[in-house]
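when you get a sec, could you give me coordinates for this:
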Amino acid sequence: MRLSSRLVRIPCRMSATLATPCSNIWAMALEPGLRFSSLMTDDAKSIARGLKQRDPELLDLLIEQYQFRLFRYLLHLTGSRERAEDFFQETWVRVLERGSQYDGRWKFEAWLFTIARNLVLDWHRRKKPESFESLRGPEERRSGI
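As a prediction, the model looks like this:
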């Protein structure tokens with residue numbers, strides 16, 4: 001695959017992440033049908049700047065964009081709707097608290113889901129292992145079975 005050096009304007013309506021008009025987005029033409037877009041890195045840098053400034057509108061947009069996927073992911077990891085809701089809220093609190101740590105070199109989505117996964121892993125590590133004795137019901141304990 002050879003890269004050509006001509007720039008091509010990508011036709012689109014709006015950016016998927018921050019509602020930025022795509023008329024400002026340019027891509028380098030690769031082979032026919034393939035394009036490399038700077039959209040992802042531009043949006044990641046914009047998100048990083050907004051998180052550093054603790055922009056509430058940006059946070060609202062991010063929650064709106066990722067809420068369903070993040071909740072389904074947490075529901076899959078925890079197996080409990082209540083726990084998934086708690087982790088969902090805690091994930092967004094962490095994004096707000098530690099937004100300055102996101103530098104925009106990687107996709108925001110990867111950073112967000114890593115935060116969520118690490119919260120669940122920490123919870124699993126803190127859980128006390130249950131003994132077989134605690135799994136027995138009260139009747140079984142009294143009868144000595």
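
how about the helices in the chain?
For the chain, the helices defined by DSSP state H occupy 39-52, 56-78, 81-97, 108-126, 132-135, 138-143.

who touches Arg117 in this structure?
Leu77 (CB atoms under 8 Å, 6 or more residues apart in numbering). C-beta: built from backbone N, CA, C; applies to glycine.

please report how far it lies from Trp123.
Separation of Arg117 from Trp123 (CB to CB, to the nearest Å): 11 Å.

Ser46 now?
32 Å.

more neighbours, these two?
Ser46 (18 against 15; other CB atoms under 10 Å).

any chance of the helices of the chain in TSV, plus mean pLDDT?
Listed next are the helices of the chain as TSV, based on pLDDT from 0 to 100:
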stretch	mean pLDDT
helix 39-52	79
helix 56-78	94
helix 81-97	95
helix 108-126	94
helix 132-135	66
helix 138-143	65
